[in-house]
Structure formats: C-alpha cells, structure tokens
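Engineer: Predicted model and sequence below, questions to follow.
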There are 2 protein chains.
Amino acid sequence: MSIPLLPSMLKHENISKITENGILIRDRRKLPFSNEDVLCHDYREAAKAIKEMVTQGGGPLEVALNSLLFTWLHDREHLSDAVSCLSLSRPTNTTMKRTLERVMEEYSKNNDMAGIIQSAFDYYDALYDKISDIGESLIEDGYGVLTTCFPEHTFMLTMAKAKANGKRITVYVPETRPYLQGAHLTEPCLRELGIECYLITDGMPAHFMMEGRIQLYMTASDLVLEDRTVVNKTGTLSNAIAAKYYGIPYYAFSLSPDRTKTRSDIVIEYRDGESIKRIGSLCIAPDEAAALYPCFDIIEPSLVAGIITEGGII
Amino acid sequence: MSIPLLPSMLKHENISKITENGILIRDRRKLPFSNEDVLCHDYREAAKAIKEMVTQGGGPLEVALNSLLFTWLHDREHLSDAVSCLSLSRPTNTTMKRTLERVMEEYSKNNDMAGIIQSAFDYYDALYDKISDIGESLIEDGYGVLTTCFPEHTFMLTMAKAKANGKRITVYVPETRPYLQGAHLTEPCLRELGIECYLITDGMPAHFMMEGRIQLYMTASDLVLEDRTVVNKTGTLSNAIAAKYYGIPYYAFSLSPDRTKTRSDIVIEYRDGESIKRIGSLCIAPDEAAALYPCFDIIEPSLVAGIITEGGII
C-alpha cells in the first residue's frame, strides 16, 4: 500500500527498494537537484549508508526493513547480525530498532519474512494515515502554517488532506541550516502537492508571526516524553517560544511518545562545528573560526499545545 | 583619530580612503576572504558602489565624506550635486544624509572643507567611544553575549573595552542569512580582538539561552523610535522574544534615536526572494521555489531593556 496523497519523495519506492543485486537507497543529500540511488550489496553496506546520512528521518526505517528482507532472501544465516548492525547505524532512531526486533519476534513464530515485512510497512502507512487525520482536524481554511526541518509523512499527509478538503493553506518553510532540509526536501514536497509555500531563513519565523501570517506551528519530533517535552531539530525552540508569545499553538507529531525516558535522560549531541562553516561545497567562514552545532532543541511542555499521536492529541 | 581598539575591518583606512585618482572603497562583499578595494573616479561612481552594496552599515557614511572631500579637491562646482547623489544612494541611511547636509552648512560659513570633513570623522569617532563606554558598563565578567548581523563600531568597541578591563566574555554570532554578515564580518572582527566567539546558525540562539550560556543580547539598530521601538535586521525579533522568555536583557545601540518618526511610518521593505535561494554562487533551492525576504524586524518596546546612546541608556 502506498498512500496516494504523498509527495513522490516520500513514496516507498523513492525512499528505498530491493533489486536482485541489493538494496537501493535514494540519496537525500542530492535531492531535490538529482534523483540518485546508492546501491548497497548487503546489510553492512546499507548500515554504512545510513551512517553516512544517505537517508535520514523516516528513511532508515524503510532501508532497514528492505535490508532485512534482502538478507532473508540471500544470506539467511546472518539475520540477527543484520538486526544489530542496522540498529547501531542510527542509535537515536529507536523506532527502527524496535521495529526490527518486533519483526524478528514475529519471524520466530512464522517463517514468512516477506509477509511480516510487508505488514510492518503497512502498519506505518496506516499509522501515518491515522495521525494525519488528527493533524488535519487542526487546520482551518486560510491558515498560515510554520514548520521546521523536514516533517515527512505525518505533516505532508496532513497538508495534503487539508487541501483535498478544500482548505486553503500557506506553509512557511525555514531553510533549516546547516543541512538545509527545508530548502531541499520540505519546500519541494509541498510544492509538488500544490500547496502554497514560501522558503524563508531560520531567523524569519517571528517576523511572519508578528505580521499575523501564521496561525499554527507544526513539526515532527525526534523524541517525545510522556510529560509532553519535545526533542526536535535545533531552531524548533526559538519558534515555539515566539509562537507562545504571539498566542499561536505549537503541535508536534509523534509516532510513539517514549514512556520510559525522562528529561534527565536527554543528552543533546553536539556535532562537528565545521558543518556550520560549510554549505555543500561552499565555505562560508574562515578556517580559524570556531562554530558550535547542537543538533536538537528540548521544548518544554508549557510551550507545547499538544502532541499529535494515533490515539489523539495528548 | 583612529580608535586603537577597533578591529582592522573597521579602521577608517580599511573602510574607505581617497587617493589622487579617486575614492577607494573596501569591498565588504568579498570580506573576510579577500581585501579588495573598488576605485571610484568621482562621487557618481561612489554612489553607484554604495547602491551595489560594495559597503554597508556605517561604511556609506565614510565613503560619502571621502567623496565630498574628493569632489571639493577636484570638481568643486559639483559639491551640491554630490550631496544629493550620495544621499540618494542609500535612502534608509538618514545619518549619512544629515551629516552631508551639516557639512555643507558648515562649509557655507567656513571654506576649509578638509577641516570640516575631518571634524565630522572625529565627531563619529568620539560618539562611538562615548557610546561604547556606556555599553561596556553593562558587561560583567563571565558574560555570554548574543548579537545579530554586524553590529560594527559601538558593539566592537564595547567588547574590546570589556576585554581590556579584564572581563572574560564569550560572544555567540548567528551567521545572519541571507548575506552572512555574522560569518563574514562579525566573527572575524571579534576573533581579531582576541574575544572568544562562536559562529552559530540563525535558529540556535534560544538553544544557548536555554543552556544558560547567554546573559545579554546586544545589537546595532537601523532605526530607533522615541518610544524605544527598534528596527533591525530580520532575526532580531525572534532573539528578543527568546531573550525576554529567559529573562535576558536586550539592548540596542543607537547613534541617534529618531524623534520624528512613529511606528506607523515604518514600512518594512521586502527584497527579492531570490537572495534567499542563493548563498554566494551556490544555489540552495530549485528555481521554481518561492521565497520571501523581509529585510527588517520591528521590535516592540516591551522586549527592549534599553537603548544605548551617547546620552546614556534610554
């Protein structure tokens, strides 16, 4: 099942697929300027590609499921090695790890791996569909919506359904430095869906709030705690504070809030500051400059109007 | 008089100077990667260079004074044409226009143009010196300071004096898209002054506030109204709101608050959205993408702890 309203970048076959020779992964580092696939001959190469950021966000989950299927077809004795190798390729992606473990548990009772993996894909398609129905109920005709980074399936389906229901919406898309996911992924997806959208810089959201153009702030989430604390791409906090200041509700989508972690478990990873000094091949700062790159913001519950989950809005 | 604590980029001779052949303007579009001057053979070419953004911020004022001096030396009958031509080259820069008019008024009483222009340079040097003394009084040992864009003389002298007084400071410098003045101008100046500073993206200031690293937010201003409303580079509003949220005071430097204008006189100019889609020669978004580029933010008085002027803090 591929959900018809999705932009092409988010259709299964454009994220990852298997062929006779291996696992193909669409290289998101080159989107939207070129559609190139990276061919991985086995799960080890696929794990390496995930580590090297060939795909990100919801991509690694689909790559991991395809890699498990390919391993089952061609190299069955290494299935459990594949699970641990893939899980380690993106330690923060606990959804991927839990899904692979659930697949293996099923497989211990039922040896139709192809069917089990198809069910896993179907489960997420249905989940995206359910969550985006709830997201769509928050959109009113004429709304300006702000987002951050690349909020993928749940957000895109929310927007597509709002449009299908005749709601006119405008989306403001911060470019999301340093990796420019807003410019490279979010804006092209929204434009393909025929939704009015504008690329802006990361310093501009409050400007448009002040102008009265934004009625809703919606992002994906890397992690949501039971108390409604949201962990998401750096830049989200600044926008959530500005939204609160202007009385604009902030909602985060979550596939599964984590009920086991607390605020003190969250360690914000700092990546190499050199990423800030480069945009693609272009160097924007002198070699001697020091730069800081904290990957995620922690948004406290008082800034969050609600978490959009399959069970409703928390 | 050149103020000794200034970083080299802000010394008069590195902003603009005259030679026998014309007016030299340091090309800020190429800083800090190369030190290149644009040679203008007369005031018309200098006005054109200002329009083309060869220099910005406090640069056009110095170019205009030098152009007037060069015109007086070589083409004296065109002095008043030079004043109107230069004033029109950057209509928002009312300081430049008022200064040129004051010089001409002096000149109607005293024909030593070289002396009058030197006095105008000295006046601003003394003003920067006075204002930065007041700025420095707000800095405490161990402070983390956030800024936005390129806050030039008053801010740099404030930081240099705080350091000279033995105060340890760390400055967080947002890159300031789309033109990257933070990366290209602010960070190199602070580093030259020996001040610890970090380049960050425009979405990160709230992150560092939440981490408790920032105690003060200080910017220049394009315009300050009598009621303390500040107009400054887009991105300032977002940071001022976050600063308020975390109880961090926001101060703006002003050479001369405008007592004639009110909020309703402020029209925020939108520039070509194409600037958002390019970083130097690099294209970061598809041709079909729409982008918005509002140049300035309006920061309301409730977000401003004070305006730092020569007469003290308003």
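Structural biologist: Here it is on my side, so go on. Numbering: from 1, shown residues only, chains lettered A, B, ... in the order given.
Engineer: Pretty sure B:Ala242 is one of the things A:Ser238 touches, is it not?
Structural biologist: Yes - using Cβ atoms under 8 Å, A:Ser238 is in contact with B:Ala242, at 5.6 Å. All C-beta spots, glycine's among them, are computed from the backbone N, C-alpha and C.
Engineer: what touches both of those two?
Structural biologist: Residues touching both A:Ser238 and B:Ala242 comprise B:205-206, with contact defined as Cβ atoms under 8 Å, 6 or more residues apart in numbering or on different chains.
Engineer: Is A:Leu31 part of a helix or strand, or is it coil?
Structural biologist: When states are read from DSSP: H, G, I helix; E, B strand; the rest coil, the local structure at A:Leu31 comes out as coil.
Engineer: How about it: what's its closest non-neighbour residue?
Structural biologist: Counting by Cβ to Cβ, 6 or more residues apart in numbering or on different chains, the nearest residue to A:Leu31 once its immediate chain neighbours are dropped is A:His184, at 5.7 Å.
Engineer: The stretch 1-150 of chain A: helices as residue ranges?
Structural biologist: Ranges of helices within the stretch 1-150 of chain A are A:43-51, A:59-74, A:79-88, A:94-109, A:113-136, based on DSSP state H, counting those that start in this stretch.
Engineer: Point out the residues in the stretch 201-314 of chain A that sit beside chain B.
Structural biologist: Taking Cβ under 8 Å from any Cβ of the partner chain as the measure of proximity, the stretch 201-314 of chain A contacts chain B at A:201-208, A:210-211, A:234-235, A:237-239, A:241-242, A:244-245, A:273, A:276-277, A:279-282, A:284-286, A:288-294, A:297-298.
Engineer: which residues in the stretch 201-314 of chain A form strands?
Structural biologist: Assigned strands in the stretch 201-314 of chain A, in chain order: A:216-219, A:223-224, A:230-233, A:250-253, A:270-271, A:278-279, A:282-283, A:293-294, A:296-299, A:306-309, A:312-313 (criterion: DSSP state E, counting those that start in this stretch).
Engineer: Can you list the strands that the fourth one pairs with?
Structural biologist: Meaning strand A:250-253. Each strand that strand A:250-253 pairs with, and the sense of that pairing, follows from DSSP bridges: strand A:216-219 (parallel), strand A:306-309 (parallel).
Engineer: neighbouring contacts of that strand?
Structural biologist: Residues outside strand A:250-253 that contact it (Cβ under 8 Å, 6+ apart) are A:131, A:135, A:138, A:151, A:154-155, A:158, A:216-221, A:224, A:230, A:232, A:239-240, A:243-244, A:299, A:303-309, A:313.
Engineer: ok, 6 Å please
Structural biologist: A:154, A:217-221, A:230, A:240, A:243, A:304-308 (Cβ atoms under 6 Å, 6 or more residues apart in numbering or on different chains).
Engineer: need these in a markdown table with pLDDT and neighbour count, can you?
Structural biologist: Shown next, in a markdown table, are the contacts of strand A:250-253 (pLDDT from 0 to 100; neighbours: other Cβ atoms under 10 Å in any protein chain shown):
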| residue | pLDDT | neighbour count |
| --- | --- | --- |
| A:Thr154 | 97 | 27 |
| A:Tyr217 | 98 | 28 |
| A:Met218 | 98 | 24 |
| A:Thr219 | 98 | 25 |
| A:Ala220 | 96 | 24 |
| A:Ser221 | 94 | 25 |
| A:Val230 | 96 | 29 |
| A:Ala240 | 98 | 29 |
| A:Ala243 | 98 | 25 |
| A:Val304 | 98 | 23 |
| A:Ala305 | 98 | 19 |
| A:Gly306 | 98 | 15 |
| A:Ile307 | 98 | 22 |
| A:Ile308 | 98 | 28 |
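Engineer: Most widely separated two among the residues you listed?
Structural biologist: A:Thr154 and A:Ala243 (18.7 Å; Cβ to Cβ).
Engineer: Pull the contacting residues for A:Met218.
Structural biologist: For A:Met218, the residues meeting the contact criterion (Cβ under 6 Å, 6+ apart) are A:145, A:147, A:251.
Engineer: Just grab the bridge partners of it for me.
Structural biologist: In this entry, A:Met218 is beta-bridged to A:Tyr251, by DSSP bridges.
Engineer: Next, work out how far apart it and A:Thr236 are.
Structural biologist: Taken as Cβ to Cβ, to the nearest Å, the spacing of A:Met218 relative to A:Thr236 amounts to 11 Å.
Engineer: now A:Thr201
Structural biologist: With distances defined as Cβ to Cβ, the gap from A:Thr201 to A:Thr236 amounts to 15 Å.
Engineer: need the residues of the stretch 1-150 of chain A near chain B, please.
Structural biologist: Residues of the stretch 1-150 of chain A found near chain B (Cβ under 6 Å from any Cβ of the partner chain) are A:Pro32.
Engineer: tell me the centre residue of chain A?
Structural biologist: When chain A is reduced to its mean C-alpha position, the nearest residue by Cα atoms, centre = their mean turns out to be A:Gly57, at 3.4 Å.
Engineer: show me what contacts that one?
Structural biologist: By Cβ under 6 Å, 6+ apart, the residues touching A:Gly57 are A:150, A:152.
Engineer: Look up the pLDDT of it for me, please.
Structural biologist: In this model, A:Gly57 is scored at 88, pLDDT.
Engineer: hang on, isn't A:Leu292 packed against B:Tyr198?
Structural biologist: Yes - shown here, A:Leu292 and B:Tyr198 form a contact pair, counting by Cβ atoms under 6 Å, at 4.7 Å.
Engineer: These two: who's more crowded?
Structural biologist: Applying other Cβ atoms under 10 Å in any protein chain shown to A:Leu292 and B:Tyr198 shows that B:Tyr198 carries more neighbours, namely 21 against 17.
Engineer: Confirm that one sits in a helix?
Structural biologist: No - counting by three-state DSSP, one finds B:Tyr198 to be strand, located in no helix.
Engineer: can you pull up the bridge partners for it?
Structural biologist: Following DSSP bridges, B:Tyr198 is listed with bridge partners B:Tyr172.
Engineer: what lines up beside the helix or strand of chain A with the lowest mean pLDDT in the sheet?
Structural biologist: The weakest-scoring helix or strand in chain A, judged by mean pLDDT, DSSP states H and E, is strand A:278-279 (a mean of 88). With DSSP bridges as the criterion, the sheet partners recorded for strand A:278-279 are strand A:282-283 (antiparallel).
Engineer: Contacts only, for the residue of the stretch 1-150 of chain A found nearest chain B.
Structural biologist: With Cβ to the nearest Cβ as the measure, the residue in the stretch 1-150 of chain A that lies nearest chain B is A:Pro32; the distance is 5.7 Å. Taking Cβ under 6 Å, 6+ apart as the contact definition, A:Pro32 lies against A:184, A:188, B:286.
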